[in-house]
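A.B. asks: got a predicted model here, sequence first, then my questions.
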Amino acid sequence: MMALANLVVLGIGLAAVLRLWEVFPFDFGDSWSGWPVVARVLLGMGIAGSLIGALVEIVALFRSPAGLERRTLQ
């Protein structure tokens with residue numbers, strides 16, 4: 001059940017980051033000219049992280065009914 005909740009939260013976060021990517025050209029003013037590249041890289045990392053997290057939660061969602069719960073470190 002926790003995997004489903006995490007998947008929903010990841011989906012909402014992914015939608016927000018994708019929307020930011022869509023409207024990207026932010027106004028950085030007269031500051032350093034490298035900020036657009038830095039911002040685009042960070043948004044890309046956020047998208048990649050959300051996709052990886054969603055994949056992990058999907059696997060966890062299908063493992064729990066099969067009786068293969070997550071292992072904890074001891």
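C.D. replies: Here it is on my side, so go on.

A.B. asks: which of the three states applies to the residue lying farthest from the centre of the chain?
C.D. replies: Using Cα atoms, centre = their mean, the residue of the chain lying farthest from its centre is residue 30. It sits 30.3 Å away. With DSSP: H, G, I helix; E, B strand; the rest coil as the basis, residue 30 sits in coil.

A.B. asks: equivalent analysis for residue 38, please.
C.D. replies: Residue 38 ends up helix, using three-state DSSP.

A.B. asks: swap in residue 24?
C.D. replies: Going by three-state DSSP: residue 24 is coil.

A.B. asks: these two touch, right, it and residue 43?
C.D. replies: Yes: the pair residue 24 and residue 43 qualifies as a contact (Cβ atoms under 8 Å) at a distance of 7.3 Å. In short, each C-beta sits where N, CA and C put it, glycine included.

A.B. asks: more crowded one of the two?
C.D. replies: Between residue 24 and residue 43, counting by other Cβ atoms under 10 Å, residue 43 is the more crowded of the two (15 against 11).

A.B. asks: once you drop chain neighbours, what's closest to that one?
C.D. replies: residue 21 (5.2 Å; Cβ to Cβ, 6 or more residues apart in numbering).

A.B. asks: mind telling me what element that neighbour is part of?
C.D. replies: Counting by DSSP states H and E, the element that carries residue 21 is helix 2-22.

A.B. asks: that helix: how far from the chain's middle?
C.D. replies: 6 Å (Cα atoms, centre = their mean, to the nearest Å).

A.B. asks: for the spatially most central residue of the chain, give its distance to residue 56.
C.D. replies: Nearest to the mean C-alpha position of the chain, by Cα atoms, centre = their mean, lies residue 50 at 1.8 Å. Distance, residue 50 to residue 56, using Cβ to Cβ, to the nearest Å: 11 Å.

A.B. asks: all set, thanks.
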